[in-house]
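Enquirer: here is my input; please provide its structure:
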Amino acid sequence: MWLAFVFTTLGWTFDGLDQMIYSMAVPWIMKDWSLTTVELGLIGSMFVAGHCAGNIVSSVAADYIGRKPLLWVSSIVYSIFTASVGFAKGVNSLGIVRALSGLGVGGQHTIAIAFLGENVPARSRGRFMSFMNTGTPLGLLLGIVLTSTVGIHYRSAGYGEWGWKLCFIVSAFLRFICALCIIRWLKESRMWLRSKTKKRTEGKKHFPILDLFKKNQIRNSLTCIILYTGSLMSYWGIAIWAPTYLATERGLGVKNMTVFMVFWVLGAWVGQASAGLFMDRFGRKPVLTFYLSGVGILSLFYGWITDPTVLFWIGPLVGFFVLGCSGPLGAYATELFPTSMRATGIGLAGGIGRFFAIITPTLVGVIAVRFGIGAGFYLFFGVMFITTTSFLMLGPETKGAQLN
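Expert: Purely as a prediction, here's the structure:
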């Protein structure tokens, strides 16, 4: 259980590290290569597209060949193509390697949820899943530290674009070391092994994705798809554009922006750590509703407020809800599917969510051309209103559910 927790949390840590490196590097990339907000949005969308493909393909494979192989393979894929950012020469090559590195990130993301959920007891599943998710804000914080030290140092020393390229290379090296540790020490999920034996005994060879839409499962599948779509659209739009928004439209320098983002990330960590405790005590549905509603309301205020002091206090709250909702969502999604289709179900929901999220960074970039980046955040109020309303109508309560 504890090894599963450590390695899945590290997976989410590298996910956050990668996201923050790119988000913090966007103003530098824009300056070094004279790119527009639309071009930068397209690069962000290409990464999400790779994330989406990795999500679906790896998750389906994990229900057939196991959780462990996909965890280390996806880590190596990420390492190779993230290191390749150092060889990118322009917007096209950067977009391609970012999309391919997204395959690796998306590949481990959903499998980590299923894998950890299968290794912890029902009474504490909420808190374990949420604390696994705290790896993301930890990674975001590490990304801020890396870009603020290595990135700024090499740029100030006259190395130009190598300042941000080296940040990606360092991240790739650390992830590769993690992949080797997974191969050496992590064991396969016992619950998946039992499910595999049961299917072999019963002679089942059908494709599990078809079972997701049978009468007894379709409600849970639709609930999961809706939740992932709404939360991921909001997350990718806000996370990718927040640093650039603060730097270009609210007049913050790199140092001031860094302080703002540190507090944003700390708010996210508190949101994720507390979500699991709330879920195990009050149930999945009321806690998820609270977080989803908070994302919608605060994204509206985040785009509207111009006063830097007020933004300072709103920022941690935005982080609290935007990243905080992924903790309860992971635990909830694990309980919506049986073991034979758990990775596939979560992966399909996450993949569909990311498919819609693909357009989000680009859409915000298009809105920014005419109305500014802040106006792009208004979009997420509507997204979360639809998501929360649909969830209240469809979603079952799963507190205390025993996995099978």
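Enquirer: ok, which stretches of the stretch 251-400 of the chain are strands?
Expert: Counting by DSSP state E, counting those that start in this stretch, one finds no strands in the stretch 251-400 of the chain.
Enquirer: which stretches of it have low pLDDT?
Expert: In the predicted model of the stretch 251-400 of the chain, residues 251-258 satisfy pLDDT under 70.
Enquirer: go again using 90 as the cut-off
Expert: 251-284, 298-320, 322-335, 337-383, 395-400 (pLDDT under 90).
Enquirer: how much space between Ala99 and Ser84?
Expert: Distance, Ala99 to Ser84, by C-beta to C-beta, to the nearest Å: 11 Å. C-beta: built from backbone N, CA, C; applies to glycine.
Enquirer: name the residues contacting each of these two.
Expert: With C-beta atoms under 8 Å, 6 or more residues apart in numbering applied, the contact sets of Ala99 and Ser84 do not overlap.
Enquirer: which residues touch Gly230?
Expert: Taking C-beta under 8 Å, 6+ apart, one finds Leu292, Gly353, Val383, Met384, Ile386, Thr387, Thr388 in contact with Gly230.
Enquirer: what's the helix or strand for it?
Expert: Assigned by DSSP states H and E, Gly230 belongs to helix 218-248.
Enquirer: buried residues in that helix?
Expert: Going by neighbour count (16 or more other C-beta atoms under 10 Å), the buried part of helix 218-248 is 220-248.
Enquirer: distance from it to the middle of the chain?
Expert: Relative to its chain's centre, helix 218-248 lies at 9 Å (C-alpha atoms, centre = their mean, to the nearest Å).
Enquirer: pLDDT of it, averaged?
Expert: For helix 218-248, mean pLDDT is 84.
Enquirer: one step back: and of the contacts of Gly230, the nearest to Tyr302?
Expert: Ranked by distance to Tyr302 (C-beta to C-beta), the contacts of Gly230 are led by Met384 at 12.6 Å.
Enquirer: picking up where we left off before, biggest separation within the contacts of Gly230, which pair?
Expert: Every pair of the contacts of Gly230 checked by C-beta to C-beta; the farthest is Gly353 and Thr388, at 15.0 Å.
Enquirer: so what's the closest residue to Gly400 other than its chain neighbours up against?
Expert: Closest residue to Gly400 apart from its sequence neighbours, by C-beta to C-beta, 6 or more residues apart in numbering: Ala122 at 5.5 Å. By C-beta under 8 Å, 6+ apart, Ala122 lies in contact with Gly400, Ala401, Gln402, Leu403.
Enquirer: where does Ala122 land on pLDDT?
Expert: We have a pLDDT of 75 for Ala122.
Enquirer: cool, and Met1?
Expert: Per-residue pLDDT puts Met1 at 82.
Enquirer: quick check, it in contact with Glu118.
Expert: No - using C-beta atoms under 8 Å, Met1 makes no contact with Glu118, being 9.9 Å away.
Enquirer: which of the two has more neighbours?
Expert: Glu118 (23 against 12; other C-beta atoms under 10 Å).
Enquirer: please name the nearest non-neighbouring residue to that one.
Expert: Distances taken as C-beta to C-beta, 6+ apart place Met191 nearest to Glu118, at 4.0 Å, with adjacent residues excluded.
Enquirer: number of nearby residues for Thr136?
Expert: There are 28 residues near Thr136, going by other C-beta under 10 Å.
Enquirer: any idea which element it lies in?
Expert: If you go by DSSP H and E, Thr136 is part of helix 135-146.
Enquirer: list the contacts of the next helix or strand after that helix.
Expert: With elements assigned by DSSP H and E, the helix or strand that comes after helix 135-146 is helix 152-156. By C-beta under 8 Å, 6+ apart, the surrounding residues in contact with helix 152-156 are Trp28, Trp162, Gly163, Trp164, Leu166, Val254.
Enquirer: let's see that with 10 Å instead.
Expert: Residues from elsewhere that reach helix 152-156, judged by C-beta atoms under 10 Å, 6 or more residues apart in numbering: 24, 28, 31-32, 147, 159-167, 254-255, 258.
Enquirer: just the buried ones from those?
Expert: Applying 16+ other C-beta under 10 Å to the contacts of helix 152-156 flags 24, 28, 32, 147, 161-167, 254, 258 as buried.
Enquirer: among those residues, which one has the lowest pLDDT?
Expert: Scoring the buried ones among the contacts of helix 152-156 by pLDDT puts Val254 last, at 60.
Enquirer: ok, back up a step: in JSON lines, list the buried ones among the contacts of helix 152-156 along with distance to Leu394 and secondary structure.
Expert: Below are these laid out as JSON lines (distance: C-beta to C-beta, whole Å; DSSP: H, G, I helix; E, B strand; the rest coil):
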{"residue": "Met24", "distance to Leu394": "38", "secondary structure": "helix"}
{"residue": "Trp28", "distance to Leu394": "43", "secondary structure": "helix"}
{"residue": "Asp32", "distance to Leu394": "46", "secondary structure": "helix"}
{"residue": "Thr147", "distance to Leu394": "41", "secondary structure": "helix"}
{"residue": "Glu161", "distance to Leu394": "47", "secondary structure": "coil"}
{"residue": "Trp162", "distance to Leu394": "50", "secondary structure": "helix"}
{"residue": "Gly163", "distance to Leu394": "47", "secondary structure": "helix"}
{"residue": "Trp164", "distance to Leu394": "43", "secondary structure": "helix"}
{"residue": "Lys165", "distance to Leu394": "45", "secondary structure": "helix"}
{"residue": "Leu166", "distance to Leu394": "46", "secondary structure": "helix"}
{"residue": "Cys167", "distance to Leu394": "41", "secondary structure": "helix"}
{"residue": "Val254", "distance to Leu394": "44", "secondary structure": "helix"}
{"residue": "Thr258", "distance to Leu394": "41", "secondary structure": "helix"}
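Enquirer: those into a markdown table, with extra columns for distance to Asn92?
Expert: A markdown table is the format used below for the buried ones among the contacts of helix 152-156 (distance: C-beta to C-beta, whole Å):
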| residue | distance to Asn92 |
| --- | --- |
| Met24 | 22 |
| Trp28 | 18 |
| Asp32 | 15 |
| Thr147 | 23 |
| Glu161 | 15 |
| Trp162 | 19 |
| Gly163 | 21 |
| Trp164 | 17 |
| Lys165 | 16 |
| Leu166 | 21 |
| Cys167 | 21 |
| Val254 | 27 |
| Thr258 | 30 |
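Enquirer: closest one of the residues you listed to Gly327?
Expert: Met24 (23.5 Å).
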